[in-house]
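**Q** sequence first, then the predicted structure:
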Protein chains: 4
Amino acid sequence: MESSSHGYMSDKDKYLTRLRRIEGQARGVHRMIDEDTYCIDILTQISAMTSALENVALALLDDHLKHCVADAAATGGDTAEEKIREASAAIQRLVKS
Amino acid sequence: MESSSHGYMSDKDKYLTRLRRIEGQARGVHRMIDEDTYCIDILTQISAMTSALENVALALLDDHLKHCVADAAATGGDTAEEKIREASAAIQRLVKS
Amino acid sequence: MESSSHGYMSDKDKYLTRLRRIEGQARGVHRMIDEDTYCIDILTQISAMTSALENVALALLDDHLKHCVADAAATGGDTAEEKIREASAAIQRLVKS
Amino acid sequence: MESSSHGYMSDKDKYLTRLRRIEGQARGVHRMIDEDTYCIDILTQISAMTSALENVALALLDDHLKHCVADAAATGGDTAEEKIREASAAIQRLVKS
């Protein structure tokens, strides 16, 4: 089963629930703008949403390090280097975004 | 017309379009997880989404400063102080989130 | 006295003390690297330093909004617009950095 | 030689130079405040400094993953898990700071 190779699989339902909630938050912000909600209240909601997204990214990254990267490092060689380069680039995008 | 007092009104459609797109991105990330997409690709998508959200927040904040805060400051008094305190708190949440 | 027009003047000593402390933190990280301290401990120290810097920036920005921007907005006209444009650009750099 | 076990060793001089520069930036911001430099110019300098710090942290983390974490993962067992848990916690502090 190819898909089981991804580190986040065990918690897949939890991730799906979190994304569903973030989608709901996006819809909520859309509605707030549509209903002319006070700016500051919209910004508060967007900050909460950004935080929720970052938390999902950090959890995915942790799972990725624990599984894909650790497995590749155990095997060694070019694949290990490539996995770590990829992970570092992803971390950089997270820190800089 | 009470709603016209909010600074972002003039660009309301543009904001609504951006939020619709972010909602679509959330659905996209949900689907990527559901289809066992490679972790790093999901993280890339989440970083793009976080950036899009921050850009909406910065645009809303700019509009808010230009209109609500500037108007309150022109009037002066406690309202002006309150508006600036509120804006500072929102900026802090954005920087820290 | 021209210099007194800057918003942060009243707390100048407090800001100077905070910067002195941040300079000390930079020296501390330099020493940690020089003495081959464990990587993760250096990263913890850098995160604390980044947080301290952001807090100084947020305090300066708050003072700037309360004084320069509020004064310019009370006067109105091009200066007000220019001050708000400047402040928005600074906020964007903070959020994106 | 105990110190050679840390991943960043090979580039130690480069890191020391970067920290020296950041220390100089802190002194520069201190002087700007002392000389009543315009707020926005100070904020620009602080954003540059925060970026420089984040880049040092990302480089250290990349070296750490490439060496300590990869070595521990190759060995496996509790040490590997512990190293990855530590790295994840450091990444979280960076993203959240």
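**A** Now that the structure is in, tell me what you want to look at.

**Q** chain A: helices as residue ranges?
**A** In chain A, the helices defined using DSSP state H lie at A:12-34, A:39-64, A:70-75, A:77-96.

**Q** out of the ones you listed, nearest to chain D?
**A** The closest of the helices of chain A to chain D is helix A:70-75. By CB to the nearest CB, the value is 3.3 Å. From N, CA and C alone the C-beta is placed, and that goes for glycine too.

**Q** let me see the contact set for the residue lying closest to A:G76 once chain neighbours are set aside.
**A** Distances taken as CB to CB, 6 or more residues apart in numbering or on different chains place D:A74 nearest to A:G76, at 6.0 Å, with adjacent residues excluded. Neighbouring residues of D:A74 by CB atoms under 8 Å, 6 or more residues apart in numbering or on different chains: A:A73, A:A74, A:G76.

**Q** swap in A:L19?
**A** Taking CB under 8 Å, 6+ apart, we find A:L19 in contact with A:V56, B:A26, B:V29, B:H30, B:I33.

**Q** change it to 7 Å
**A** Counting by CB atoms under 7 Å, 6 or more residues apart in numbering or on different chains, A:L19 touches B:A26, B:V29, B:H30, B:I33.

**Q** what would those residues look like in a markdown table with distance to B:E82 and pLDDT?
**A** Shown next, in a markdown table, are the contacts of A:L19 (distance: CB to CB, whole Å; pLDDT from 0 to 100):
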| residue | distance to B:E82 | pLDDT |
| --- | --- | --- |
| B:A26 | 34 | 98 |
| B:V29 | 38 | 98 |
| B:H30 | 39 | 98 |
| B:I33 | 43 | 96 |
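
**Q** among the residues you listed, who's most crowded?
**A** Highest neighbour count within the contacts of A:L19, by other CB atoms under 10 Å in any protein chain shown: B:V29, with 27 neighbours.

**Q** wait, that one sits on B:S47?
**A** No - the pair B:V29 and B:S47 fails to qualify as a contact (CB atoms under 7 Å) at a distance of 10.9 Å.

**Q** where does chain A have low pLDDT?
**A** Applying pLDDT under 70 to chain A flags the ranges A:1-10.

**Q** tell me how far the residue most central in space within it lies from A:V95.
**A** Geometric centre of chain A, nearest residue: A:A57, 2.2 Å, by CA atoms, centre = their mean. Look at A:A57 and A:V95: by CB to CB, to the nearest Å, they are 11 Å apart.

**Q** then A:Y15?
**A** Distance from A:Y15 to A:V95, by CB to CB: 21 Å.

**Q** what does A:A26 give?
**A** Taken as CB to CB, the span from A:A26 to A:V95 is 23 Å.

**Q** picking that back up, so which of the contacts of A:L19 reach chain A?
**A** Filtering the contacts of A:L19 for neighbours of chain A using CB under 7 Å from any CB of the partner chain leaves B:A26, B:V29, B:H30, B:I33.

**Q** and those, which two are furthest apart?
**A** Farthest-apart pair in those is B:A26 and B:I33; separation 11.0 Å (CB to CB).

**Q** picking up where we left off before, show me the contacts for the residue nearest to the centre of chain A.
**A** A:L94, B:L43, B:I46.

**Q** give me the subset of those touching chain D.
**A** A:L94.

**Q** most neighbours, which of the contacts of A:A57?
**A** Within the contacts of A:A57, B:I46 tops the neighbour count with 27 neighbours, counted by other CB under 10 Å.

**Q** B:M32 versus the closest residue to that residue other than its chain neighbours, what's the distance?
**A** Leaving aside its sequence neighbours, B:I46 sits nearest to A:A57 (CB to CB, 6+ apart; 4.6 Å). Noted for A:A57: a distance of 13 Å to B:M32, by CB to CB.

**Q** chain D contacts on chain A?
**A** So chain A meets chain D at A:54, A:58, A:61-62, A:65-66, A:70, A:73-74, A:76, A:80, A:84, A:87-88, A:91-92, A:94-95 (CB under 7 Å from any CB).

**Q** can you say which of those are buried?
**A** Buried members of the residues of chain A next to chain D, scored by 16 or more other CB atoms under 10 Å in any protein chain shown, are A:54, A:58, A:61-62, A:65-66, A:70, A:73, A:80, A:84, A:87-88, A:91-92, A:94-95.

**Q** which residues touch A:S51?
**A** Contacts of A:S51 by CB under 7 Å, 6+ apart are B:S97.

**Q** ok, A:G28 next?
**A** A:Q45.
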